[in-house]
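>>> I'll drop the sequence and a predicted model, then ask my questions.
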Amino acid sequence: MRIPLLLALGGLTACFATAQDSFPSRPLTIVIPYPAGGTSDSQMRMIQDPLSKLLGQPVIIDNKPGASGAIAAQAVARAKPDGYTLLYPNNGVLIAPLLNDKLGYDPIKDFKPITTVTAVPMVLVTNKSVPATDLAEFLKYVKKQPNGIMYASAGTASYGHLASARFAQMAGIKVEHIPYKGEAGTTMAVRGGDVQMLLTTPSSAMLGQVKEGNITMLGVATETPSAVVPDVPTINKVVPGFTSEVWFGLLAPAGTPDDVIMKLNAAVKKVMADEAVRAKLLPTGALPYTSTPTEFATVMSREQTQWRDIITKYKIKAD
(Lines give C-alpha, C1' and ligand atoms only; values in the text may rest on other atoms or scores of the structure.)
Protein backbone atom coordinates (compact mmCIF):
# COMPACT_ATOMS: atom_id res chain seq x y z
CA MET A 1 0.00 0.00 0.00
CA ARG A 2 2.91 2.32 0.56
CA ILE A 3 4.04 2.46 -3.06
CA PRO A 4 0.66 3.59 -4.47
CA LEU A 5 0.40 6.12 -1.63
CA LEU A 6 3.84 7.53 -2.40
CA LEU A 7 2.96 7.68 -6.08
CA ALA A 8 -0.25 9.51 -5.27
CA LEU A 9 1.58 12.02 -3.09
CA GLY A 10 4.15 12.49 -5.79
CA GLY A 11 1.37 13.16 -8.27
CA LEU A 12 -0.17 15.76 -6.01
CA THR A 13 3.21 17.47 -5.60
CA ALA A 14 3.68 17.54 -9.35
CA CYS A 15 0.22 19.01 -9.85
CA PHE A 16 0.92 21.68 -7.23
CA ALA A 17 4.23 22.57 -8.87
CA THR A 18 2.53 22.78 -12.26
CA ALA A 19 -0.18 25.05 -10.83
CA GLN A 20 2.45 27.36 -9.35
CA ASP A 21 4.54 27.34 -12.55
CA SER A 22 1.49 28.33 -14.60
CA PHE A 23 0.90 31.55 -12.63
CA PRO A 24 -0.77 33.65 -13.81
CA SER A 25 -3.41 31.62 -15.59
CA ARG A 26 -6.19 34.22 -15.41
CA PRO A 27 -6.60 38.01 -15.13
CA LEU A 28 -5.03 39.90 -12.21
CA THR A 29 -6.78 42.73 -10.37
CA ILE A 30 -4.80 45.64 -8.95
CA VAL A 31 -6.81 47.57 -6.38
CA ILE A 32 -6.03 51.27 -6.04
CA PRO A 33 -7.06 53.08 -2.83
CA TYR A 34 -7.76 56.36 -4.62
CA PRO A 35 -10.15 57.66 -7.32
CA ALA A 36 -9.59 57.29 -11.04
CA GLY A 37 -7.42 60.07 -12.42
CA GLY A 38 -5.30 60.39 -9.28
CA THR A 39 -1.55 59.82 -9.10
CA SER A 40 -1.73 56.11 -8.20
CA ASP A 41 -4.32 55.45 -10.90
CA SER A 42 -2.38 57.36 -13.57
CA GLN A 43 0.85 55.55 -12.78
CA MET A 44 -0.71 52.12 -12.88
CA ARG A 45 -2.42 52.86 -16.20
CA MET A 46 1.01 53.75 -17.63
CA ILE A 47 2.37 50.32 -16.75
CA GLN A 48 -0.85 48.30 -17.04
CA ASP A 49 -0.43 47.33 -20.70
CA PRO A 50 3.28 46.37 -20.64
CA LEU A 51 2.75 44.42 -17.40
CA SER A 52 -0.22 42.59 -18.94
CA LYS A 53 1.78 41.68 -22.04
CA LEU A 54 4.69 40.42 -19.97
CA LEU A 55 2.50 38.30 -17.69
CA GLY A 56 0.37 37.06 -20.56
CA GLN A 57 -2.87 37.92 -18.76
CA PRO A 58 -5.10 41.02 -18.52
CA VAL A 59 -4.34 43.38 -15.65
CA ILE A 60 -7.55 44.95 -14.35
CA ILE A 61 -7.50 48.20 -12.36
CA ASP A 62 -10.10 48.47 -9.61
CA ASN A 63 -10.40 51.86 -7.89
CA LYS A 64 -11.72 51.58 -4.33
CA PRO A 65 -11.35 55.04 -2.74
CA GLY A 66 -12.53 55.99 0.72
CA ALA A 67 -11.73 55.80 4.43
CA SER A 68 -8.14 56.98 3.91
CA GLY A 69 -7.43 53.96 1.73
CA ALA A 70 -8.87 51.47 4.22
CA ILE A 71 -11.64 50.21 1.93
CA ALA A 72 -9.09 49.07 -0.66
CA ALA A 73 -6.66 47.77 1.96
CA GLN A 74 -9.32 45.70 3.67
CA ALA A 75 -10.52 44.25 0.37
CA VAL A 76 -7.05 43.04 -0.58
CA ALA A 77 -6.12 41.88 2.92
CA ARG A 78 -9.19 39.62 2.89
CA ALA A 79 -8.69 38.37 -0.67
CA LYS A 80 -7.48 34.87 -1.46
CA PRO A 81 -3.66 34.86 -1.14
CA ASP A 82 -2.96 33.57 -4.62
CA GLY A 83 -1.42 36.61 -6.32
CA TYR A 84 -4.48 37.51 -8.37
CA THR A 85 -5.63 40.42 -6.17
CA LEU A 86 -3.00 43.06 -5.35
CA LEU A 87 -2.91 46.49 -3.70
CA TYR A 88 -1.14 49.54 -5.16
CA PRO A 89 -0.81 51.99 -2.24
CA ASN A 90 1.64 54.70 -1.28
CA ASN A 91 3.11 55.56 2.14
CA GLY A 92 -0.41 56.40 3.30
CA VAL A 93 -1.10 52.68 3.83
CA LEU A 94 1.25 52.91 6.82
CA ILE A 95 0.10 56.29 8.14
CA ALA A 96 -3.69 55.86 8.17
CA PRO A 97 -3.80 53.05 10.80
CA LEU A 98 -1.50 55.08 13.07
CA LEU A 99 -4.10 57.85 13.07
CA ASN A 100 -7.11 55.56 13.35
CA ASP A 101 -6.73 52.10 14.87
CA LYS A 102 -10.24 51.13 13.74
CA LEU A 103 -9.52 50.97 10.02
CA GLY A 104 -9.53 47.19 10.08
CA TYR A 105 -6.12 46.28 8.68
CA ASP A 106 -2.49 46.00 9.77
CA PRO A 107 -0.14 47.17 7.00
CA ILE A 108 2.68 44.89 8.18
CA LYS A 109 0.85 41.72 9.23
CA ASP A 110 -1.90 41.65 6.60
CA PHE A 111 0.24 42.07 3.48
CA LYS A 112 3.24 40.56 1.76
CA PRO A 113 5.45 43.10 -0.06
CA ILE A 114 6.17 42.47 -3.74
CA THR A 115 8.17 45.54 -4.77
CA THR A 116 8.20 49.28 -4.64
CA VAL A 117 7.33 50.57 -8.11
CA THR A 118 7.88 54.33 -8.25
CA ALA A 119 8.98 57.17 -6.02
CA VAL A 120 8.21 60.89 -6.14
CA PRO A 121 10.72 63.13 -4.36
CA MET A 122 9.78 65.81 -1.86
CA VAL A 123 11.23 69.27 -2.49
CA LEU A 124 11.57 72.24 -0.15
CA VAL A 125 10.52 75.65 -1.47
CA THR A 126 10.33 79.05 0.19
CA ASN A 127 8.71 82.40 -0.41
CA LYS A 128 10.98 84.65 -2.46
CA SER A 129 11.06 87.23 0.36
CA VAL A 130 12.98 84.79 2.58
CA PRO A 131 16.61 86.03 2.50
CA ALA A 132 18.25 82.72 1.63
CA THR A 133 19.66 81.28 -1.58
CA ASP A 134 20.51 77.88 -0.13
CA LEU A 135 19.30 75.57 2.63
CA ALA A 136 22.06 76.41 5.11
CA GLU A 137 21.22 80.14 4.87
CA PHE A 138 17.54 79.33 5.26
CA LEU A 139 18.07 77.39 8.47
CA LYS A 140 20.20 80.19 9.92
CA TYR A 141 17.44 82.65 9.06
CA VAL A 142 14.72 80.52 10.67
CA LYS A 143 16.72 80.03 13.86
CA LYS A 144 16.96 83.81 14.25
CA GLN A 145 13.16 84.22 14.15
CA PRO A 146 11.76 84.38 17.73
CA ASN A 147 8.54 82.63 16.70
CA GLY A 148 10.00 80.53 13.90
CA ILE A 149 8.20 80.38 10.56
CA MET A 150 4.96 79.00 9.12
CA TYR A 151 4.76 76.12 6.69
CA ALA A 152 1.92 74.74 4.58
CA SER A 153 0.69 71.23 3.93
CA ALA A 154 -2.18 69.67 1.99
CA GLY A 155 -4.00 69.01 5.27
CA THR A 156 -3.65 67.86 8.86
CA ALA A 157 -2.01 64.43 9.04
CA SER A 158 -1.15 64.53 5.33
CA TYR A 159 2.18 63.12 4.23
CA GLY A 160 3.51 66.65 3.77
CA HIS A 161 2.48 67.55 7.32
CA LEU A 162 4.32 64.58 8.80
CA ALA A 163 7.39 64.98 6.59
CA SER A 164 7.65 68.69 7.40
CA ALA A 165 7.37 68.00 11.14
CA ARG A 166 10.15 65.44 10.85
CA PHE A 167 12.29 67.89 8.85
CA ALA A 168 11.81 70.60 11.48
CA GLN A 169 12.73 68.15 14.23
CA MET A 170 15.90 66.99 12.48
CA ALA A 171 16.89 70.52 11.43
CA GLY A 172 16.27 71.94 14.91
CA ILE A 173 13.95 74.74 13.80
CA LYS A 174 10.70 76.12 15.17
CA VAL A 175 7.74 75.99 12.78
CA GLU A 176 3.97 76.44 12.80
CA HIS A 177 1.76 74.23 10.67
CA ILE A 178 -0.88 75.84 8.42
CA PRO A 179 -3.07 73.16 6.80
CA TYR A 180 -4.74 73.68 3.42
CA LYS A 181 -7.21 71.62 1.44
CA GLY A 182 -5.09 70.05 -1.26
CA GLU A 183 -1.73 70.70 -2.86
CA ALA A 184 -2.83 73.53 -5.17
CA GLY A 185 -3.55 75.85 -2.25
CA THR A 186 -0.17 75.22 -0.67
CA THR A 187 1.80 76.42 -3.71
CA MET A 188 -0.22 79.64 -3.84
CA ALA A 189 0.21 80.09 -0.07
CA VAL A 190 3.99 80.02 -0.27
CA ARG A 191 3.96 82.16 -3.42
CA GLY A 192 1.79 84.80 -1.75
CA GLY A 193 3.79 84.83 1.48
CA ASP A 194 1.02 83.42 3.69
CA VAL A 195 3.61 80.81 4.69
CA GLN A 196 7.37 80.82 4.31
CA MET A 197 8.06 77.14 3.64
CA LEU A 198 6.57 74.17 1.84
CA LEU A 199 7.89 70.60 1.67
CA THR A 200 5.95 68.66 -0.93
CA THR A 201 6.12 66.77 -4.22
CA PRO A 202 6.92 68.95 -7.25
CA SER A 203 3.94 69.69 -9.46
CA SER A 204 4.12 71.30 -12.89
CA ALA A 205 2.48 74.40 -11.41
CA MET A 206 5.11 74.61 -8.67
CA LEU A 207 7.99 74.13 -11.09
CA GLY A 208 6.51 76.91 -13.20
CA GLN A 209 6.46 79.24 -10.18
CA VAL A 210 10.09 78.36 -9.45
CA LYS A 211 11.10 79.03 -13.06
CA GLU A 212 9.37 82.42 -12.96
CA GLY A 213 11.20 83.31 -9.76
CA ASN A 214 8.07 83.54 -7.63
CA ILE A 215 9.26 80.88 -5.17
CA THR A 216 12.71 79.46 -4.41
CA MET A 217 13.57 75.77 -4.42
CA LEU A 218 16.28 75.03 -1.86
CA GLY A 219 16.54 71.27 -1.77
CA VAL A 220 15.27 67.84 -2.75
CA ALA A 221 14.73 65.17 -0.09
CA THR A 222 16.33 62.26 -1.93
CA GLU A 223 19.47 60.43 -0.89
CA THR A 224 21.24 61.40 -4.12
CA PRO A 225 20.38 64.09 -6.72
CA SER A 226 17.05 63.42 -8.44
CA ALA A 227 16.44 63.34 -12.20
CA VAL A 228 13.11 65.07 -11.51
CA VAL A 229 14.95 68.24 -10.40
CA PRO A 230 18.55 67.48 -11.47
CA ASP A 231 20.07 70.84 -10.56
CA VAL A 232 18.70 70.97 -7.01
CA PRO A 233 21.00 69.94 -4.12
CA THR A 234 19.93 67.25 -1.69
CA ILE A 235 18.65 68.30 1.73
CA ASN A 236 20.73 65.66 3.48
CA LYS A 237 23.90 67.62 2.72
CA VAL A 238 22.74 70.15 5.29
CA VAL A 239 20.40 68.02 7.43
CA PRO A 240 22.21 64.65 7.62
CA GLY A 241 19.97 61.62 7.31
CA PHE A 242 16.88 63.47 6.13
CA THR A 243 15.20 61.96 3.10
CA SER A 244 11.53 61.87 2.19
CA GLU A 245 9.90 60.39 -0.88
CA VAL A 246 6.37 59.33 -1.66
CA TRP A 247 6.69 55.74 -2.80
CA PHE A 248 4.13 53.59 -4.56
CA GLY A 249 4.34 49.82 -4.39
CA LEU A 250 2.60 46.49 -4.84
CA LEU A 251 1.36 44.41 -1.91
CA ALA A 252 -0.24 40.96 -1.89
CA PRO A 253 -2.37 39.40 0.84
CA ALA A 254 -0.35 37.74 3.60
CA GLY A 255 0.15 34.08 2.83
CA THR A 256 0.73 34.52 -0.91
CA PRO A 257 3.30 31.90 -2.03
CA ASP A 258 6.88 33.13 -2.31
CA ASP A 259 7.28 31.89 -5.89
CA VAL A 260 4.24 33.93 -6.95
CA ILE A 261 5.66 36.98 -5.20
CA MET A 262 8.97 36.54 -7.01
CA LYS A 263 7.31 36.13 -10.42
CA LEU A 264 5.41 39.37 -9.90
CA ASN A 265 8.55 41.08 -8.62
CA ALA A 266 10.54 40.07 -11.68
CA ALA A 267 7.77 41.17 -14.06
CA VAL A 268 7.38 44.60 -12.46
CA LYS A 269 11.16 45.15 -12.44
CA LYS A 270 11.35 44.34 -16.15
CA VAL A 271 8.52 46.74 -16.97
CA MET A 272 10.02 49.54 -14.89
CA ALA A 273 13.42 49.10 -16.58
CA ASP A 274 11.84 50.04 -19.92
CA GLU A 275 12.95 53.52 -20.98
CA ALA A 276 9.56 54.14 -22.60
CA VAL A 277 7.87 53.69 -19.21
CA ARG A 278 10.43 55.95 -17.54
CA ALA A 279 9.83 58.62 -20.19
CA LYS A 280 6.10 58.56 -19.43
CA LEU A 281 6.62 58.78 -15.68
CA LEU A 282 9.22 61.55 -15.54
CA PRO A 283 6.89 64.44 -16.53
CA THR A 284 4.63 63.44 -13.61
CA GLY A 285 7.51 63.81 -11.15
CA ALA A 286 7.85 60.06 -10.60
CA LEU A 287 10.78 57.75 -11.26
CA PRO A 288 11.00 53.95 -11.40
CA TYR A 289 11.92 52.65 -7.96
CA THR A 290 11.92 48.87 -7.65
CA SER A 291 13.18 46.66 -4.85
CA THR A 292 13.27 43.12 -3.56
CA PRO A 293 10.36 42.02 -1.36
CA THR A 294 12.71 42.05 1.65
CA GLU A 295 13.89 45.58 0.89
CA PHE A 296 10.29 46.77 0.58
CA ALA A 297 9.41 45.10 3.89
CA THR A 298 12.33 46.92 5.53
CA VAL A 299 11.16 50.26 4.12
CA MET A 300 7.65 49.70 5.44
CA SER A 301 8.80 48.64 8.90
CA ARG A 302 11.23 51.55 9.22
CA GLU A 303 8.71 54.13 8.05
CA GLN A 304 5.95 52.81 10.28
CA THR A 305 8.19 53.39 13.31
CA GLN A 306 9.28 56.77 11.98
CA TRP A 307 5.74 58.06 11.43
CA ARG A 308 4.48 56.64 14.72
CA ASP A 309 7.19 58.61 16.54
CA ILE A 310 6.30 61.86 14.72
CA ILE A 311 2.56 61.43 15.26
CA THR A 312 3.11 60.76 18.96
CA LYS A 313 5.62 63.57 19.49
CA TYR A 314 3.50 66.24 17.81
CA LYS A 315 0.15 64.77 18.92
CA ILE A 316 -1.09 64.72 15.34
CA LYS A 317 -4.66 63.65 14.78
CA ALA A 318 -6.60 63.17 11.57
CA ASP A 319 -9.27 65.73 10.70
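In hand now; what should we look at? Numbers count the residues shown, from 1 in each chain.
>>> how about stretch 225-235: buried residues?
By neighbour count with 16 or more other CB atoms under 10 Å, stretch 225-235 contains the buried residues Ser226, Val228, Val229, Val232, Pro233, Thr234, Ile235. No exception for glycine: its C-beta is placed from N, CA and C like everyone else's.
>>> Quick check: the fifth one touching Asp134?
Yes - under the criterion of CB atoms under 8 Å, Pro233 lies in contact with Asp134, with a separation of 7.4 Å.
>>> What count of nearby residues applies to the closest residue to Pro35 other than its chain neighbours?
Once flanking residues are discounted, Pro35 sits nearest to Pro65: 4.6 Å by CB to CB, 6 or more residues apart in numbering. As a burial measure, Pro65 scores 16 neighbours (other CB atoms under 10 Å).
>>> Enumerate every residue touching Pro65.
Pro33, Tyr34, Pro35, Ile71, Ala72 (CB atoms under 8 Å, 6 or more residues apart in numbering).
>>> I'd say the third one and Asp41 touch.
Yes - in this structure, Pro35 sits in contact with Asp41. The criterion is CB under 8 Å, and the distance is 7.0 Å.
>>> Please enumerate the shared neighbours of those two.
Jointly contacting Pro35 and Asp41 under the rule CB under 8 Å, 6+ apart are Asn63.
>>> and those two? which has more neighbours close in?
Remark: of Pro35 and Asp41, Asp41 carries more neighbours, 18 against 12, as counted by other CB under 10 Å.
>>> Now a PyMOL select for only the buried ones of the contacts of Pro65.
Selecting the buried subset of those in PyMOL, with 16+ other CB under 10 Å as the burial test, is done by:
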select buried, resi 33+34+72
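>>> Arg278: which of the contacts of Pro65 is nearest?
Distance ranking of the contacts of Pro65 against Arg278, using CB to CB, places Tyr34 first at 22.5 Å.
>>> Bridge partners for Asn63, pull those for me.
Going by DSSP bridges, Asn63 is paired in beta bridges with Ile32.
>>> Surely it touches Ile32?
Yes - between Asn63 and Ile32 there is a contact under CB under 8 Å: 5.1 Å.
>>> So between the two, which is more surrounded?
Using other CB under 10 Å, the more surrounded residue of Asn63 and Ile32 is Ile32, with 26 against 18.
>>> tell me the pLDDT at that one?
On the pLDDT scale, Ile32 is placed at 98.
>>> what residues are up against it?
Gly38, Ser40, Asp41, Met44, Ile61, Asp62, Asn63, Lys64, Ala72, Tyr88 are the contacts of Ile32 under CB under 8 Å, 6+ apart.
>>> Looking at those residues, which are in helices?
Ser40, Asp41, Met44, Ala72 (DSSP state H).
>>> List just the nearest of those residues to Arg191.
Ser40 (27.0 Å).
>>> Gly172: neighbour count?
When neighbours are defined as other CB under 10 Å, Gly172 has 10 of them.
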